[in-house]
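J.: here are the coordinates; sequence isn't available:
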């Protein structure tokens, strides 16, 4: 079950990872300058349409948004695409390297 603060907290984390201010993001979404702050401070939730715009702005899918184990969805997507281009032996090496890095 998702915590009631999840949406605001996740937006804040992803926004900061993108290195943009809440004001900048609010205005880019065509909203008042305090819009993202009200969501991040758990005073309101976005409508479904604005949630989709937020995902688009953050350059992630709604699925990635709710994948709380994925701290950097864009980086993971790039990694997966790069690994797909490797041959099977190279992919196995990447897997072993990742296991060692844990």
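T.: That came through fine. Computed from a predicted model, the values in this text were never measured in an experiment.

J.: list the contacts for residue 71?
T.: Each residue near residue 71 by CB atoms under 8 Å, 6 or more residues apart in numbering is listed here: 13, 17. For glycine as for every other residue, the C-beta is placed from the backbone atoms N, C-alpha and C.

J.: For it, give its distance to residue 88.
T.: Using CB to CB, to the nearest Å, we find residue 71 at a distance of 28 Å from residue 88.

J.: One more: residue 56?
T.: Spatial separation of residue 56 from residue 88 under the definition CB to CB is 35 Å.

J.: who has more neighbours, those two?
T.: Between residue 56 and residue 88, residue 56 has the larger neighbour count (other CB atoms under 10 Å), namely 12 against 7.

J.: Need the phi and psi values for that one.
T.: Recorded main-chain torsions at residue 56 are phi -60, psi -40, according to degrees, to the nearest 10.

J.: How much space separates it from residue 29?
T.: If you measure residue 56 against residue 29 using CB to CB, the figure is 9 Å.

J.: Thanks a lot, see you next time.
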